[in-house]
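In: My questions are about this predicted structure, shown below with the sequence.
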Amino acid sequence: MFGFARINIALLAAGVVAVILGYLLLNAGSTTAAPLLLIAGYAVLIPAGLIWGVRHRDLERGNGGE
């Protein structure tokens, strides 16, 4: 029911990598790259990895995304 495609796994992995790099840079004192990576990881990549393709799969099943 909640199978992940390759794109989902890639987006989730990219999100985790971005978050880890963000915290490492934050620890090193970066005040520009670290917050950008953290926001990209937490607010864009990880949510995209979780919801990417949900609407497409629902339309294939005939549910209309509801």
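Out: Arrived safely, thanks for sending.

In: And residue 19, how far from residue 3?
Out: 24 Å (C-beta to C-beta, to the nearest Å). (C-beta placed from N, C-alpha, C; glycine too.)

In: Which of those two has more residues huddled nearby?
Out: Each of residue 19 and residue 3 has its neighbours counted (other C-beta atoms under 10 Å); residue 19 has more, 18 against 7.

In: For residue 3, see how far away the residue nearest to the more buried one when sequence neighbours are not counted is.
Out: Closest residue to residue 19 apart from its sequence neighbours, by C-beta to C-beta, 6 or more residues apart in numbering: residue 41 at 3.8 Å. Separation of residue 41 from residue 3 (C-beta to C-beta) stands at 23 Å.

In: The residue nearest to residue 19 against residue 15, yeah?
Out: Yes: if you go by C-beta atoms under 8 Å, residue 41 and residue 15 touch, sitting 4.6 Å apart.

In: so where does the closest residue to residue 40 other than its chain neighbours fall, helix or strand?
Out: The shortest distance from residue 40 to any residue other than its chain neighbours is 5.1 Å, reached at residue 18 (C-beta to C-beta, 6+ apart). Element membership for residue 18 (DSSP states H and E) is helix 6-28.

In: Which elements pack onto that helix?
Out: In this structure, helix 6-28 packs against helix 33-39, helix 46-51, with contacts taken as 3 or more C-beta pairs under 8 Å, 6 or more residues apart in numbering; DSSP states H and E.

In: Just send those back as a markdown table, with distance to residue 9, mean neighbour count and mean pLDDT too.
Out: A markdown table is the format used below for the helices and strands packed on helix 6-28 (distance: least, C-beta to C-beta, whole Å; neighbours: other C-beta atoms under 10 Å; pLDDT from 0 to 100):
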| stretch | distance to residue 9 | mean neighbour count | mean pLDDT |
| --- | --- | --- | --- |
| helix 33-39 | 20 | 16 | 97 |
| helix 46-51 | 7 | 16 | 93 |
